[in-house]
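Undergrad: Sequence and predicted structure below; questions after.
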Amino acid sequence: MFKQLSLWKYVLFNAASAFLLMTALTEAADTNQVVKSSDDLENFTLEQLVNVQVTSVSKKETDLFTSPAAIYVITQDDIHRMGVTSIPEALRMVPGMDVAQISGNQWAVSSRGFNGEFAQDMLVLIDGRTVYTPASSGVFWDSQDVVMEDLDRIEVIRGPGATLWGANAVNGVINIITKSAKETQGGMVATALSTEDQTITTVRYGGELATNLYYRVYAKYSNQPGLESSTGRGTPDDSSLFHGGFRMDYEPPTQNTFTFQGDYYIGNDGREVGQVTLAPAAVVSVSTDEHNSGGNVLGRWTHTFSEDSEITLQTYYDHVQQGDGFGEEFRNTFDVDLQHRFALGPRNDIVWGAGYRYAEIDNTPSFDLTWTPESVGLQLGNVFLQDDITLVRNRLHFTLGSKFEYNSLIGLEIEPSVRLLWTPTTQQTVWAAVSRATRTPALFNLDGRLNEAAFPSGPPPAPPVLVSLLGNPNLEAENLTAYELGYRIEPIERLSFDATAFYNVYGNLITEVPNATVFEGGHLLISSTWQNLDSGETYGVELSAQWQVLDCWRLAASYTFLHMQLGPDTSFPPESSSPQEQFQIRSYLDLPHNMEFNGAIYYIDQISTQSGATMVTIPSYVKLDLGLTWRPIKSLEIAIWGKDLLDNQHAEFPSQETTLITEIPRSVMARITWHF
């Protein structure tokens with residue numbers, strides 16, 4: 001059915017449905033007044049940053065300092081000061097996050113290990129809409145583009161969040177939250193140009209359609225030329241992306257708020273992939289130009305009964321067409337989610353909810369990658385319940401909850417957690433947690449067949465040899481039991497520390513198991529099949545600190561250590577694809593005459609991981625970024641940033657699709673922003 005209707009018909013259909021739904025809910029809702037507020041995270045003091053409100057930990061507003069989870073918030077001020085142009089680039093600032101650029105349009109992003117182009121253990125949401133793909137498990141970061149100036153914050157949970165957010169929130173949750181339309185009134189034009197010929201142009205305008213009804217519309221175009229390899233050879237990883245959309249927020253002085261928003265994007269990504277041929281038997285490097293496009297519409301209604309009680313209903317439709325060098329994925333998703341929070345007596349704060357998602361996924365086959373079946377209808381249903389119990393007011397809290405999630409491919413999964421929060425003083429927080437989370441097998445693990453290599457078995461007429469990786473429809477979900485302990489302290493008003501220790505136990509890890517060699521259609525087949533055979537453990541620490549040295553100067557620093565010990569059967573390399581140690585320092589300095597001087601230095605340890613069919617080691621590197629910003633008048637901003645200043649170029653992560661390793665060059669970017 002989805003193939004027979006165009007994207008725009010679905011957009012219009014869902015827009016009309018969302019409008020009718022919100023209208024009906026408005027008429028049914030009470031109109032008692034309630035005060036609403038929105039935190040502006042720009043130019044916050046250290047005290048305000050420590051106590052900023054977050055929603056990802058408990059699906060309600062809580063102070064970051066007293067949240068019983070390893071959570072970090074990237075603010076709009078962080079994004080602005082560091083000259084960030086993409087979501088992955090912003091995530092480098094998070095302690096414990098492993099972020100590496102693969103090419104001009106590919107990224108590897110993970111937390112607490114298991115990194116890769118399709119890191120499978122991180123759940124990513126944009127304004128409540130999941131962008132995790134069931135086909136390959138992971139996120140197409142090249143398509144997740146937003147107007148960086150419109151970001152309110154990025155909340156990142158390191159560690160499992162499955163009790164509230166569901167399957168695949170194993171090693172973390174990235175919750176990307178944009179500003180309301182009310183906060184982006186007026187016009188903005190921004191353009192940036194780098195020495196690598198990268199260009200980014202953004203136009204955005206916001207206004208008020210009627211009393212308390214705000215809107216914004218935007219368009220953004222970016223272009224990234226191809227980079228180079230270590231040999232100086234140009235790589236076919238150029239990309240271009242157009243992204244446009246709108247958002248409307250109705251915020252009357254009543255108990256009801258409404259949000260209606262939509263986005264559309266279209267772009268092209270260049271890639272070099274190794275394609276298999278049998279005549280002759282070989283792997284040939286081929287440059288491809290992948291066409292990617294998609295669009296979504298989302299509606300959300302919130303009704304506040306009191307300070308301790310509210311209900312939220314959200315629904316969205318999302319269409320994705322994405323190429324990966326071996327074929328294309330077409331995905332259409334419809335999702336509806338209901339959440340209700342209420343107090344039960346003076347000690348119990350309960351959050352419960354239910355949701356349903358239907359996704360139709362079509363994968364076009366090629367010789368390298370085939371699917372059986374090519375089309376899949378995926379249904380997911382869930383209910384969750386969490387109770388925040390006050391044992392000692394303002395001192396001791398106990399949180400107990402679980403999610404019950406049914407997936408039409410693998411059945412029922414239960415994901416409980418228990419958390420304990422102790423605040424011995426107003427300047428200290430101690431928390432501990434035990435959680436279970438699961439990672440659903442990708443359709444590639446269940447239904448895909450990847451032809452990885454081919455070679456002659458001998459001189460003619462000897463048959464060629466084909467090496468293949470086969471799916472297994474009987475796979476079960478991977479699981480994690482995580483033990484976490486955290487401590488936060490603000491010993492003085494200008495200094496804060498945050499420490500987290502974790503121990504993760506993984507079970508049912510999906511790994512490759514070799515099969516017997518057989519004769520198949522004129523060639524020999526050497527194959528392996530995915531199986532749930534392995535287990536493993538990881539442990540580590542994540543330390544961070546913020547220091548307001550002067551009123552005009554703030555420092556942020558972090559150090560992380562990760563150790564991975566996986567079973568003997570795992571297909572992951574012993575050292576894994578995540579660095580054992582990472583360290584960073586960021587400096588934010590306000591200068592006279594409306595100027596800022598900001599900088600960051602990062603140390604990333606070496607990694608060993610797979611490139612094509614071989615193992616490679618990426619050496620450790622140090623990354624230095626510096627930027628100067630000037631506002632000659634209130635409406636005009638001029639900025640220049642130097643990035644990766646210590647190296648002419650360096651590699652960060654190899655591609656799984658080719659042995660060609662792209663290197664990230666030193667660059668300088670200038671940007672002009674005008675508000676009107």
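TA: Ah, there it is.

Undergrad: Report the distance from stretch 194-210 to the chain centre.
TA: Taking the mean of its C-alpha atoms, stretch 194-210 sits 22 Å from the chain's own mean (Cα atoms, centre = their mean, to the nearest Å).

Undergrad: neighbours around Ala453, how many?
TA: Residues lying near Ala453 (other Cβ atoms under 10 Å) number 16. (Each C-beta comes from the backbone N, C-alpha and C, glycine too.)

Undergrad: That one bridge partners, please.
TA: Beta bridges link Ala453 to Val467 when assigned by DSSP bridges.

Undergrad: now Ile638
TA: Counting by DSSP bridges, Ile638 is bridged to Trp630, Ile672.

Undergrad: residues in contact with it?
TA: 629-632, 670-672 (Cβ atoms under 8 Å, 6 or more residues apart in numbering).

Undergrad: remind me which residues of the stretch 251-400 of the chain are low pLDDT?
TA: Within the stretch 251-400 of the chain, the set of residues satisfying pLDDT under 70 is empty.

Undergrad: all strands in it, in order from the N-terminus.
TA: Remark: strands assigned in the stretch 251-400 of the chain by DSSP state E, counting those that start in this stretch are 256-278, 281-306, 309-323, 328-344, 348-363, 369-371, 375-392, 396-407.

Undergrad: Same question for the stretch 551-676 of the chain.
TA: For the stretch 551-676 of the chain, the strands defined by DSSP E, counting those that start in this stretch occupy 553-566, 581-591, 595-604, 607-611, 614-618, 621-633, 636-643, 649-651, 662-665, 667-675.

Undergrad: what bridges to the residue nearest the centre of the chain?
TA: Among the residues of the chain, the one closest to the centroid is Val124, at 3.6 Å (Cα atoms, centre = their mean). Per DSSP bridges, the residues bridged to Val124 are Ile174.

Undergrad: close enough to count as contact, it and Ser143?
TA: No. Look at Val124 against Ser143 with Cβ atoms under 8 Å: they stay out of range, at 11.5 Å.

Undergrad: Pairing partners for the biggest strand by length in the chain, with directions?
TA: Longest strand in the chain by number of residues, with DSSP state E as the criterion: strand 523-550. Paired strands of strand 523-550, with direction, are strand 464-470 (parallel), strand 495-514 (antiparallel), strand 518-520 (antiparallel), strand 553-566 (antiparallel) (DSSP bridges).

Undergrad: Columns distance to Leu91 on top of these, output as JSON lines?
TA: JSON lines is the format used below for those (distance: least, Cβ to Cβ, whole Å):
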{"stretch": "strand 464-470", "distance to Leu91": "29"}
{"stretch": "strand 495-514", "distance to Leu91": "17"}
{"stretch": "strand 518-520", "distance to Leu91": "43"}
{"stretch": "strand 553-566", "distance to Leu91": "13"}
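
Undergrad: now the ones you listed as CSV including mean neighbour count and distance to Pro373?
TA: Conversion of these to CSV gives the following (neighbours: other Cβ atoms under 10 Å; distance: least, Cβ to Cβ, whole Å):
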stretch, mean neighbour count, distance to Pro373
strand 464-470, 19, 15
strand 495-514, 19, 20
strand 518-520, 10, 20
strand 553-566, 19, 32
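
Undergrad: Turn those into JSON lines, columns for distance to Met595 and mean pLDDT.
TA: Shown next, in JSON lines, are the strands paired with strand 523-550 (distance: least, Cβ to Cβ, whole Å; pLDDT from 0 to 100):
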{"stretch": "strand 464-470", "distance to Met595": "55", "mean pLDDT": "96"}
{"stretch": "strand 495-514", "distance to Met595": "26", "mean pLDDT": "95"}
{"stretch": "strand 518-520", "distance to Met595": "67", "mean pLDDT": "94"}
{"stretch": "strand 553-566", "distance to Met595": "13", "mean pLDDT": "95"}
